[in-house]
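Peer 1: Prediction below, plus the sequence it came from.
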Amino acid sequence: MKADPDTLTRFLFEHAAIRGELVHLDATWQAVLEHHDYPPVLRQAMGELMAAAALLAATLKLKGSLVLQIQGKGPITLLVVECTGDLTMRATAKWAGALPEGGLAELIGEGHFAITLDTKDGKQPYQGIVPLEGSSVAEILENYMTRSEQLETHLILTADDRQASGLLLQKLPQQAGQDEDGWTRIGYLADTLKPSELLELPARDILRRLFHQEDLRLFEPQPVSFSCNCSRGNVVNMMRMLGRAEVDSVIAEQGQLEAHCEFCNQRYVFDAVDVEQVFSAEIAAPGSQTRH
Ligand SMILES: [Zn+2]
């Protein structure tokens, strides 16, 4: 028995108004770890936030992307995970120096948690922000869901240096004839799952172990993968927003302009000749992104 690599599996309880998902990240999570050397406590939290982002993105069936962000005033200042509707993901974090001993809540300190839904169709992205409450990523998210009056959600998340996994249960609007005690009973059953089981077992085995007495419908697993959508074109757009004078002053001072992607470590370098091209192309084709 081995866990299903980089997949998300949705399921439904036939007689209770509850849906669920299991996610298992391997290469997707390792790609994030490859790009930065994160301290252990941060690694754990990021893996859990990755699993949570995939689970929530899949419940939303969104086009565009979902961004989960934890911002704090402690030694850990930022954790950010982005997941698209196609379940491609990227993540990064910011922290100051060697992290002292302590739990996640202490290391983040006072802060807030934000969810941004960007449908990428030109509409204003939706953003929900709440103060940080909870000592784990799962608690922070469950509190967010309660505070923002979303569907009642139960999350179990875990991560180690190689994999990150999560289980989500969500209470749907109750219909006549459905099992009313289902939510409590199924929640208790889910809580008997050990982190090692969540990390190591295939989705089918986890569901059989937890819910063998329940009537479950399983959907086809969906693949999850790492992908960063940064590009030289994005940097060009940023340079145009800064304006010629600003960019020229950077070139004069440093000989080149360098942009660095925090998510995938890609570096984009522009010298004086590149800058000349960027701004002369702008005159030829203003707003190169516009469609005709
Ligand atoms: Zn990138």
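Peer 2: In hand now; what should we look at? Worth saying up front: this structure is predicted, and the values here are computed from it rather than measured.
Peer 1: So what's the gap between stretch 38-56 and the chain middle?
Peer 2: 8 Å (Cα atoms, centre = their mean, to the nearest Å).
Peer 1: Buried residues of it, list them for me.
Peer 2: 38, 41-56 (16 or more other Cβ atoms under 10 Å). C-beta here means a position set from N, CA and C on the backbone, and glycine is covered the same way.
Peer 1: How confident is the prediction for the residue of the stretch 51-200 of the chain found nearest the ion, by pLDDT?
Peer 2: Proximity to the ion, evaluated over the stretch 51-200 of the chain using Cβ to the ion, is greatest for Arg90 at 6.9 Å. We have a pLDDT of 97 for Arg90.
Peer 1: Show me the shaky parts of this structure.
Peer 2: For the chain, the stretches flagged by pLDDT under 70 are 1, 282-292.
Peer 1: So which residues of the stretch 1-150 of the chain form helices?
Peer 2: Using DSSP state H, counting those that start in this stretch, the helices of the stretch 1-150 of the chain run over residues 27-35, 40-60, 104-108, 137-147.
Peer 1: so which of those helices comes closest to Ala16?
Peer 2: With Cβ to Cβ as the measure, helix 40-60 is the member of the helices of the stretch 1-150 of the chain nearest Ala16 (16.6 Å).
Peer 1: Skipping adjacent residues, who's closest to Pro100 in space?
Peer 2: Pro75 (6.6 Å; Cβ to Cβ, 6 or more residues apart in numbering).
Peer 1: Could you report the neighbour count for the one you found?
Peer 2: 19 (other Cβ atoms under 10 Å).
Peer 1: tell me how far the ends of stretch 118-134 are from each other?
Peer 2: 26 Å (Cα to Cα, to the nearest Å).
Peer 1: before we move on, what about stretch 190-200?
Peer 2: End-to-end distance of stretch 190-200 (Cα to Cα): 16 Å.
Peer 1: And that stretch, what's buried?
Peer 2: 190, 193, 197-200.
Peer 1: Columns secondary structure and distance to the ion on top of those residues, output as JSON lines?
Peer 2: Listed next are these as JSON lines, based on DSSP: H, G, I helix; E, B strand; the rest coil; distance: Cβ to the ion, whole Å:
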{"residue": "Ala190", "secondary structure": "helix", "distance to the ion": "35"}
{"residue": "Leu193", "secondary structure": "coil", "distance to the ion": "34"}
{"residue": "Glu197", "secondary structure": "helix", "distance to the ion": "34"}
{"residue": "Leu198", "secondary structure": "helix", "distance to the ion": "29"}
{"residue": "Leu199", "secondary structure": "helix", "distance to the ion": "27"}
{"residue": "Glu200", "secondary structure": "helix", "distance to the ion": "31"}
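Peer 1: picking up where we left off before, correct me, but the residue of the stretch 51-200 of the chain closest to the ion touches Glu34?
Peer 2: No - the pair Arg90 / Glu34 is not scored as a contact, 12.0 Å apart, by Cβ atoms under 8 Å.
Peer 1: out of these two, which sits in the more crowded spot?
Peer 2: Taking other Cβ under 10 Å, Arg90 and Glu34 do not tie; Arg90 has more neighbours (26 against 12).
Peer 1: Identify the bridge partners of the more buried one.
Peer 2: Arg90 has these beta-bridge partners by DSSP bridges: Glu82.
Peer 1: List the residues that contact it.
Peer 2: Taking Cβ atoms under 8 Å, 6 or more residues apart in numbering, we find Arg90 in contact with 32, 81-82, 226-229, 263-264.
Peer 1: Among those residues, which one lies nearest to Gln170?
Peer 2: Using Cβ to Cβ, Val81 comes nearest to Gln170 of those, at 19.1 Å.
Peer 1: And the closest one, how close does it get to His15?
Peer 2: Distance, Val81 to His15, using Cβ to Cβ, to the nearest Å: 34 Å.
Peer 1: Those two: which is more packed in?
Peer 2: Between Val81 and His15, counting by other Cβ under 10 Å, Val81 is the more crowded of the two (28 against 12).
Peer 1: Around the ion, pick out the residues from this structure.
Peer 2: Neighbours of the ion within the chain, by Cβ under 5 Å from the ion: 228, 230, 261, 263-264, 266.
Peer 1: Would you mind giving the residues you listed as TSV with distance to Ile206 and neighbour count added?
Peer 2: Listed next are the residues of the chain next to the ion as TSV, based on distance: Cβ to Cβ, whole Å; neighbours: other Cβ atoms under 10 Å:
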residue	distance to Ile206	neighbour count
Cys228	30	20
Cys230	35	17
Cys261	35	18
Phe263	30	21
Cys264	31	17
Gln266	36	15
